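1. Provided below for reference: sequence and predicted model.
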Amino acid sequence: MIDEITKTQHTTEQVPVFIPRRLAERYGWQGGELIEIQEMGDRLEVLPPASHLRKVYVEATNVCNLACVMCIRNIWEEQAGMMEESVFQKIIEAVERLSPPPTVFFGGFGEPLAHPHIVDMVAAAKKAGATVELITNATLLTPERSKQLIQAGLDTLWISLDGIRPESYADIRLGAELPKVLANLESFQRLRPPAHLPHPQIGIVFVAMRRNLADLPEIYHQRKHLGVNKVLVTNVLPYTVEMLAESLYARALHEPLYISSQWVPLLDFPRIELDSVTVEPFIETLRSGFNTSWGGVNLSSADDWCPFIQRGSVSIAWHGGVSPCLPLLHDHTSYLAADRPRYSKAYFVGTLKERGLFELWEDATYVTFREKVQRFDFAPCAVCGGCDLSLENREDCYGNSFPTCGGCLYAQGIVRCP
C-alpha cells in the first residue's frame, strides 16, 4: 500500500504531487488540495497549508511584575487584564476538535504565571491533547508552582534570560534578581522526573543587545547545569530610540549575504571549523557582497517568511481578540531607524466572546490574508523607507491594505520567538 496521497501544485498548470501520508496528517493536508511549492536554489520548499491550525498562542494576561528596558509595555497605555474562563474554554473546545492536536503556547506581552489560574489552564490544554509550552521570566516560578506545572503536564518551559551576570541581568530586567531566577530554574530542573531526556524540556530565550551580548557564551556554558536543551537568540525589537542604539542588525537588513537575487553573486561555503584561524577571514568574506550559503543552507531563506503564518499559528489576546500573530495583538510603535518610527495598529479577525475559534479561523477574509502572507506580496518596507507608507502598517505601495507586513522584522528573520 503506497503511503502517499495526491496533491496539486499551485501553478498555472496543475500537476499531481505526492506527499507522504504521515506528513499530510501532521500538517493537515487533504486529498486534492492546492499547495504551493517554492524554488529554493537546488531545492523545493513545500509550503504548509494555510488551512490547518497547528499552534495557538494564548496571552493569558498582559500583566507583568517586571519593567524590562526593552519591553513594549514601556510605550503603551493599555488596560491590564486577565483572560476569562469563558474565553479560554472556547480555545479548549477548538483544541479538542483538531487532529493532530496543536501546540498551545502560553505567552504574549505579559507574565503568564501572574494569572491566578495558569496551572489549571495548562492542565486543561494538556487534557485536550495539546503539546503545551509556557514562557516566563521565572521570578514567580516558586518550587511549589514548578511542581504544579510539571504535574499539569507542561511539555516545555521557556525562560526569558538576557544575562548570566547579576549586573548585566539587573541592567535589563528591572525588578528581578538573577540569583532568585537561577534558584527557581534549578528547583524546576530538580523536580522533573529523572530521565535520559527529562520532561518538561527547558529552553532559554535570549534577547541579544549590545549591552548583554558578552553574556551569550556563558549561557551556553551554563546550559547543562541549568538543564537547558535549547536556546533561542533573538534581536531586540526597539520600541524606543534608546533601544534602537542597542540593536545588532542595522547592516544585516541590507547585507547582500542575506539577499537572494540573480543580481547578487553567490558564495557557497562548506562546513568549516570556526577558530582563531578561520573566523577573521570568514567574517571578512561574509561582508564582501555575496549572497551566502553555508553547508548547503542559504542565509537568505529567512527573508519575507512569516513564522506565525508559515507555522499555522493564531494569537489570542487576554480579552479574547483573535489575531494572525503576536505583533498584531497590540498597537505599538517601533523603530526601523532613528528617523523612521513605524506605527503598527493591532488587527483582530474577531473575538472569542462573539464567535468560535474555528469559525474565525475559517473566515474567508482571514484565509485570504494567510494565503497572501504565505506568498508575501508586500512592499519591502523594512529595507526601503522611500515613502511615508512604510511608517505604518495600514497600506503599502504595492496596493495592499491593512494590515501590511512588509515592515515586520519577524518576517525578515530579525526578531524571533518560540
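-> On my side now, so go ahead.
2. I'd assumed residue 90 was in a helix, is it?
-> Yes - looking at residue 90 with DSSP: H, G, I helix; E, B strand; the rest coil, it is inside a helix.
3. what's near enough to touch residue 169?
-> Residue 169 makes contact with 161-163, 176, 178, 181, according to C-beta atoms under 8 Å, 6 or more residues apart in numbering. C-beta: built from backbone N, CA, C; applies to glycine.
4. quick check, nearest of the residues you listed to residue 230?
-> residue 161 (12.4 Å; C-beta to C-beta).
5. Give me the neighbour count for that closest one.
-> Residues lying near residue 161 (other C-beta atoms under 10 Å) number 26.
6. Which strand or helix spans the nearest residue to it once chain neighbours are set aside?
-> Nearest residue to residue 161 in three dimensions, chain neighbours excluded: residue 204, at 4.9 Å (C-beta to C-beta, 6 or more residues apart in numbering). For residue 204, the host element (DSSP states H and E) is strand 201-208.
7. which residues sit against that strand?
-> So strand 201-208 is in contact with 70, 135, 155-162, 172, 185, 188-189, 216, 219, 223, 226-236, 248, 417-418, going by C-beta under 8 Å, 6+ apart.
8. Sort out which residues of that strand are buried, please.
-> 201-208 (16 or more other C-beta atoms under 10 Å).
9. closest to residue 43 among those?
-> residue 203 (28.0 Å).
10. residue contacts, residue 57?
-> Per C-beta under 8 Å, 6+ apart, neighbours of residue 57: 105, 107-108, 313-316, 326.
11. same deal with residue 83?
-> Counted by C-beta under 8 Å, 6+ apart, residue 83 has contacts 58-61, 115, 121, 318-320.
12. and with 7 Å instead?
-> Counting by C-beta atoms under 7 Å, 6 or more residues apart in numbering, residue 83 touches 60-61, 115, 318.
13. Now neighbour count too, for those residues, in a markdown table please.
-> As requested, the contacts of residue 83 are exported to a markdown table (neighbours: other C-beta atoms under 10 Å):
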| residue | neighbour count |
| --- | --- |
| 60 | 25 |
| 61 | 22 |
| 115 | 21 |
| 318 | 24 |
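14. Taking these together, which two end up most distant?
-> 115 and 318 (8.5 Å).
15. any common contacting residues for these two?
-> Joint contacts of residue 115 and residue 318 (C-beta under 7 Å, 6+ apart) are 60-61, 82-83.
16. coming back round to it: which one (most neighbours) among the contacts of residue 57?
-> Ranked by neighbours (other C-beta under 10 Å), the contacts of residue 57 are led by residue 316, which has 28 neighbours.
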